[in-house]
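Novice: Below is the sequence, then the predicted model.
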Amino acid sequence: MIDDISLIEMAIEAREKAYVPYSSFKVGAAVLTKSGRVFTGCNIESASYSPTICAERTALSKAVSEGYREIDTVVVVGSLEKLSYPCGVCRQFIREFGKDIRIIVAKSTKAYKTYTIEDLLPESFGPEDLNNECL
Ligand code: THU
């Protein structure tokens, strides 16, 4: 299994691909599946703003659309001197695939913090909370 430092390096590399003509704020992400695959992503902005997608959701969408729903870790790397935490939409999007997913919020391979999605989105609403009889 790939180590956390290598995952952070992959997220930093993915950040270079960010398409950010409006904010100039590059974000990179790397998603490690429980089976050991890694999918990377960057943020992609839109002239009409709201279609903008965050780096975490780009990477996770790549994993899920390739058939990988069992997620071990999500790494996010922003562009500031301080840590850039996942936005609320990304927290909810990640939580869909489990409460125990590890989240690594990194500035560099030397400065990062590790959480679970439960830490970042406590008392969350998720798939288990829907009444299946409604489906
Ligand atoms: N952004 C991310 O990629 N991930 C987050 O969790 C927070 C925000 C991006 C979206 C937008 O392109 C830029 O950062 C500024 O908000």
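Specialist: Now that the structure is in, tell me what you want to look at. Residues are numbered from 1 along each chain as shown.

Novice: Next, count neighbours for the residue nearest to Glu70 when sequence neighbours are not counted.
Specialist: Nearest non-adjacent residue to Glu70, counting by Cβ to Cβ, 6 or more residues apart in numbering: Lys34, 4.0 Å away. C-beta coordinates here come from the backbone N, C-alpha and C atoms, glycine included. Neighbour count of Lys34, defined by other Cβ atoms under 10 Å: 14.

Novice: How about the secondary structure of the most centrally placed residue in the chain?
Specialist: Nearest to the mean C-alpha position of the chain, by Cα atoms, centre = their mean, lies Glu56 at 2.8 Å. Here Glu56 is helix, with the state taken from DSSP: H, G, I helix; E, B strand; the rest coil.

Novice: same deal with the one 4 residues further on?
Specialist: Taken by three-state DSSP, the conformation at Leu60 corresponds to helix.

Novice: try Leu32
Specialist: Here Leu32 is recorded as strand under three-state DSSP.

Novice: about what we covered before: make sure the residue nearest to Glu70 is actually in contact with Ala63.
Specialist: No: counting by Cβ atoms under 8 Å, Ala63 is not a contact partner of Lys34; they are 10.5 Å apart.
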